[in-house]
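Colleague: Quick one, structure for this:
(one chain, ligands or ions: 1)
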Amino acid sequence: MSTKEAAAKIRPIKPYDPSDLDEEHLLTSWDTPMRPDAFDLTDEEKIDKIEQHFRNIMQTLGLDLTDDSLSGTPRRVAKMFVKEVFSGLNPKNRPVARLFENKYNYNQMLVEKDITFYSHCEHHFVPIYGKAHVAYFSGGKVIGLSKINRIVQYYAKRPQVQERLTVQIGRELERVLHTDSVAVVVDANHMCVASRGVGDTNSKTGTAYFNGKFKDENVKREYLNYINAPK
Ligand SMILES: [Zn+2]
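Modeller: Take a look at the predicted model:
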């Protein structure tokens, strides 16, 4: 596939527009919809509540929770939701990114490709997994590569739609790096498509976010060539 065809296959997302921000710079259409009381309960209180609810779901399905293999499941699921797979809902888990001076005045594109992530589709609560490919031009500062990875994981650990995940990663990098020249391509498999519904096991979904210098067709092509997207 030529790069041009590849680029055409990716679903582009409207670049982040600062006018989307409200006065308080708090909520935009790309934020995960959260309730105002989202953090009134502690993690432990949430785990207790979810455990009860999940026990009800299993019982309603007719499962015998006195069985050794099933009895610990409600608590296990509740802990996994709060502490692991949805831990990115809590801003206290947002990675703190330390910046370094761009000492070598490296003013070319920096690319980190093939960042594996695991997320969950917010419509079915089943896994979405895939790769994120991130690039930026330094605005004077650079960031450790492991921090880019952590930013991807933080936003993946929420109930998501792929478009929002892509934009949230892009916008967070812009904020942290003080530059708008950021690109993000996400290639993902959706278990809700593969394992149920239409049962298409081969389709992948590509989403892309291009801002700043990446709006330039030549720069965009160079980046897409490098990541060879979508695979
Ligand atoms: Zn789904």
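Colleague: domains for the protein, by residue range?
Modeller: According to the domain assignment given by automatic domain parsing, the chain is divided into the following structural domains: 3-30+96-227, 43-89.
Colleague: Could you identify which of the ones you listed is most buried?
Modeller: Ranked by mean neighbour count under mean count of other CB atoms under 10 Å, those are led by domain 3-30+96-227, which reaches a mean of 17. In short, each C-beta sits where N, CA and C put it, glycine included.
Colleague: Run the chain-centre distance for that domain.
Modeller: Chain-centre distance of domain 3-30+96-227: 8 Å, with CA atoms, centre = their mean, to the nearest Å.
Colleague: Just give me the lowest mean pLDDT stretch among the domains of the chain.
Modeller: The weakest mean pLDDT among the domains of the chain belongs to domain 3-30+96-227, with a mean of 83.
Colleague: That domain near the ion at all?
Modeller: Yes: for a cut-off given as CB under 5 Å from the ion, domain 3-30+96-227 has contacts with the ion, namely 121, 123-124, 192.
Colleague: returning to what we had before: can I get the domains of the chain in TSV with distance to residue 36?
Modeller: Formatted as TSV, the entries for these read as follows, by distance: least, CB to CB, whole Å:
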stretch	distance to residue 36
domain 3-30+96-227	11
domain 43-89	14
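Colleague: and the closest residue to residue 47 other than its chain neighbours, how far is that from residue 130?
Modeller: On the basis of CB to CB, 6 or more residues apart in numbering, the spatially nearest residue to residue 47 that is not a chain neighbour turns out to be residue 78, at 4.5 Å. Taking CB to CB, to the nearest Å as the measure, residue 78 and residue 130 are separated by 26 Å.
Colleague: still on that earlier bit, surely the residue nearest to residue 47 and residue 51 touch.
Modeller: Yes: with contact defined as CB atoms under 8 Å, residue 78 reaches residue 51; the gap is 4.1 Å.
Colleague: In a strand, residue 189, correct?
Modeller: Yes: secondary structure of residue 189, determined by DSSP: H, G, I helix; E, B strand; the rest coil: located in a strand.
Colleague: show me the contacts for it.
Modeller: In this structure, residue 189 makes contact with 128-130, 204-205, judged by CB atoms under 8 Å, 6 or more residues apart in numbering.
Colleague: Adding distance to residue 44 and secondary structure, write those out as a markdown table.
Modeller: Conversion of the contacts of residue 189 to a markdown table gives the following (distance: CB to CB, whole Å; DSSP: H, G, I helix; E, B strand; the rest coil):
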| residue | distance to residue 44 | secondary structure |
| --- | --- | --- |
| 128 | 28 | strand |
| 129 | 29 | strand |
| 130 | 32 | strand |
| 204 | 38 | coil |
| 205 | 36 | strand |
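Colleague: and which of these is nearest the ion?
Modeller: Sorting those by distance to the ion puts residue 128 at the head of the list, at 7.7 Å, by CB to the ion.
Colleague: can you pull out the helices in this protein?
Modeller: With DSSP state H as the criterion, the chain has helices at 3-9, 43-60, 73-79, 145-156, 162-177, 191-194, 217-227.
Colleague: Which other helices and strands does the last one contact?
Modeller: Secondary-structure packing of helix 217-227 (3 or more CB pairs under 8 Å, 6 or more residues apart in numbering; DSSP states H and E): helix 3-9, strand 109-121, strand 127-137, strand 182-190.
Colleague: Please render these as CSV that adds distance to residue 213 to the earlier fields.
Modeller: Formatted as CSV, those follow (distance: least, CB to CB, whole Å):
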stretch, distance to residue 213
helix 3-9, 16
strand 109-121, 8
strand 127-137, 5
strand 182-190, 9
